[in-house]
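[1] Build me a model from this:
(one chain, ligands or ions: 1)
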Amino acid sequence: MKNHMGKGFETGQMIPQSGNYAVFHKPHLLQPEVALLQQHAFPACAKCVVPVHFDLLHAVRAESARDKFRLLMHTHN
Ligand SMILES: [Zn+2]
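    Residues are numbered from 1 along each chain as shown. Model (predicted):
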């Protein structure tokens, strides 16, 4: 519930829209951008427990996203 650049998301929240998200994570250098599918949880860092922050860059329709995108980081539920 922090005000963080308007509409940021973080690890564990539900992904509201499929698309490309900018990745912000101070402790480690992760890929700067990631493609994520809606109705999954935003992924965690594989190396630490500090939440990763995401900002939506470009939304993609679910049906095309399913064909083109894979989760690039593991989710931890
Ligand atoms: Zn990390």
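[2] So Gln13 versus the ion, what's the distance?
    Going from Gln13 to the ion by C-beta to the ion, to the nearest Å gives 17 Å. To be clear about C-beta, it is placed using only N, CA and C from the backbone, and glycine gets the same treatment.
[3] mind listing the helices for this structure?
    Using DSSP state H, the helices of the chain run over residues 62-68.
[4] which residues in the protein form strands?
    8-10, 19-24, 33-36, 53-59 (DSSP state E).
[5] and for the first one, what are the contacting residues?
    Put plainly, it is strand 8-10. Residues from elsewhere that reach strand 8-10, judged by C-beta atoms under 8 Å, 6 or more residues apart in numbering: Lys2, Ile15, Pro16, Tyr21, Phe24, Phe42, Pro51, Val52, His53, Phe54, Asp55, Leu56.
[6] Adding distance to Ala35, write these out as JSON lines.
    JSON lines is the format used below for the contacts of strand 8-10 (distance: C-beta to C-beta, whole Å):
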{"residue": "Lys2", "distance to Ala35": "25"}
{"residue": "Ile15", "distance to Ala35": "11"}
{"residue": "Pro16", "distance to Ala35": "15"}
{"residue": "Tyr21", "distance to Ala35": "8"}
{"residue": "Phe24", "distance to Ala35": "16"}
{"residue": "Phe42", "distance to Ala35": "12"}
{"residue": "Pro51", "distance to Ala35": "19"}
{"residue": "Val52", "distance to Ala35": "15"}
{"residue": "His53", "distance to Ala35": "16"}
{"residue": "Phe54", "distance to Ala35": "11"}
{"residue": "Asp55", "distance to Ala35": "14"}
{"residue": "Leu56", "distance to Ala35": "11"}
